[in-house]
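Novice: Here you go, sequence then predicted model.
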Amino acid sequence: MTAAIIDGKAIAADIRTGLKEEITALSDKGVTPGLAVVLVGDDQASHTYVRNKEKACEQVGIHSEVYRYPADLTEEELLKKIEELNQAEHIHGILVQLPLPAHLSEEKVIDAIVPEKDVDGFHPVNVGKMVIGKEAFYSCTPYGIIKMLEHEDISLEGKHVVVVGRSNIVGKPAALLSLQAHATVTVCHSRTENLSDYTKQADVVIAAVGRAKFLKKEDFKPGAVIVDVGMNRDENGKLCGDVDFESAKETASAITPVPGGVGPMTITMLLYNTVQSAKQKIR
Ligand code: NDP
């Protein structure tokens with residue numbers, strides 16, 4: 001069997017086309033979706049992510065404002081800026097790029113964003129709503145996975161989904177959103193014994209481990225759907241996922257590549273959440 005390659009780039013482009021139309025309709029009603037991004041310090045990867053977010057906003061017609069601060073910004077100053085953005089009428093989404101420098105508490109900062117503008121879906125109120133299956137802002141990467149599978153007509157209902165990884169931003173929400181989509185869910189992590197025994201039973205594997213080519217062909221059931229969240233560098237410095245794509249595609253029914261799979265969906269869902277937030281303004 002050779003797997004269907006799930007084209008995240010094309011799916012993301014499709015969703016963005018739909019968003020552009022929604023944004024035009026919103027503008028006609030006098031609302032332009034606005035996203036504020038706060039970046040502290042000089043982590044190069046963070047600067048690249050933020051530039052990509054800015055570009056993506058521009059491409060679909062979302063107004064974006066980026067606040068770049070030096071690494072020695074005080075917590076008080078940062079919280080003050082967040083409060084100002086909480087109050088700003090024209091801002092519908094606030095995102096603080098993580099990681100923050102060590103002297104700033106990520107927890108405090110996330111808690112300071114009003115849940116109605118927490119388009120990253122990290123605020124405990126949004127996480128709690130997701131747990132009980134209520135409408136909320138869901139974490140962009142796992143939400144992107146769900147949207148991607150929906151787009152490909154891959155239903156999770158009654159399927160056994162095995163999530164490898166239990167981080168708050170990917171693994172746990174991926175498990176909860178799969179459960180909400182009526183899957184039977186198993187969550188594995190670094191203390192799981194005989195990991196392969198679980199992944200081999202899965203109809204769908206969501207790999208969010210952060211280890212290059214960690215799962216291989218023999219770890220999957222023939223015909224499984226494989227979603228690879230990982231973004232790692234292989235021994236030659238080339239971008240690769242948590243799954244050994246070349247061997248796994250021989251056994252999977254469908255698989256996401258790295259790059260070009262889950263990655264493009266993440267920023268798209270940030271745009272999506274920002275547009276949903278702006279829509280609340282005219283309800
Ligand atoms: P974390 O490091 O926060 O979490 C990794 C998880 O993998 C942990 O739960 C850890 O278990 C588990 N793990 C580590 N080693 C093993 C092992 N040997 N066996 C089983 N489980 C293991 O990473 P993230 O969740 O933030 O990200 C995961 C990957 O996804 C990374 O490569 C990251 O770059 C990528 N990513 C990609 C995004 C995208 O847009 N495509 C967005 C976000 C992340 P434990 O909890 O026990 O430590």
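Specialist: Done, it's in.

Novice: how about the nearest residue to Leu73 once chain neighbours are set aside, phi and psi?
Specialist: Spatially, and ignoring its direct neighbours in sequence, Leu73 is nearest to Val40 (5.2 Å; Cβ to Cβ, 6 or more residues apart in numbering). (C-beta placed from N, C-alpha, C; glycine too.) Here is the backbone geometry of Val40 (degrees, to the nearest 10): phi -120, psi 130.

Novice: how about the residues of the stretch 151-283 of the chain near the ligand?
Specialist: Within reach of the ligand by Cβ under 6 Å from any ligand atom, the stretch 151-283 of the chain has these residues: 164-167, 169-171, 188-192, 195, 208-211, 229-232, 262-263, 266.

Novice: which ones among those residues are found in strands?
Specialist: 164, 188, 232 (DSSP state E).

Novice: now those residues in JSON lines, with pLDDT?
Specialist: Formatted as JSON lines, those follow (pLDDT from 0 to 100):
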{"residue": "Val164", "pLDDT": "99"}
{"residue": "Cys188", "pLDDT": "99"}
{"residue": "Asn232", "pLDDT": "96"}
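
Novice: buried subset of the residues you listed?
Specialist: Neighbour-count burial (16 or more other Cβ atoms under 10 Å) is assigned, among those, to 164, 188, 232.

Novice: Let me see the contact set for the first one.
Specialist: Shown here is Val164, whose contacts under the criterion Cβ atoms under 8 Å, 6 or more residues apart in numbering are 171, 188-189, 195, 199, 205-209, 214-215, 242.

Novice: redo that, cut-off 10 Å
Specialist: 171, 174, 186-190, 192, 195, 198-199, 202, 205-209, 211, 214-215, 219, 229-230, 242-243 (Cβ atoms under 10 Å, 6 or more residues apart in numbering).

Novice: Doesn't Arg68 belong to a helix?
Specialist: No. Applying DSSP: H, G, I helix; E, B strand; the rest coil, one finds Arg68 to be strand, outside a helix.

Novice: what sits against the closest residue to it other than its chain neighbours?
Specialist: Using Cβ to Cβ, 6+ apart and skipping the chain neighbours, the partner closest in space to Arg68 is Leu39 (5.0 Å). Leu39 is in contact with 46-47, 49-51, 53, 66-69, 95-97, 100, counting by Cβ under 10 Å, 6+ apart.

Novice: just Pro33 next, same as before
Specialist: 19, 22-23, 26-27, 57, 60-64, 90-93, 119, 271, 273-279, 281.

Novice: Next, check those residues against the strands and list the overlap.
Specialist: Using DSSP E, these in strands are 63-64, 93.
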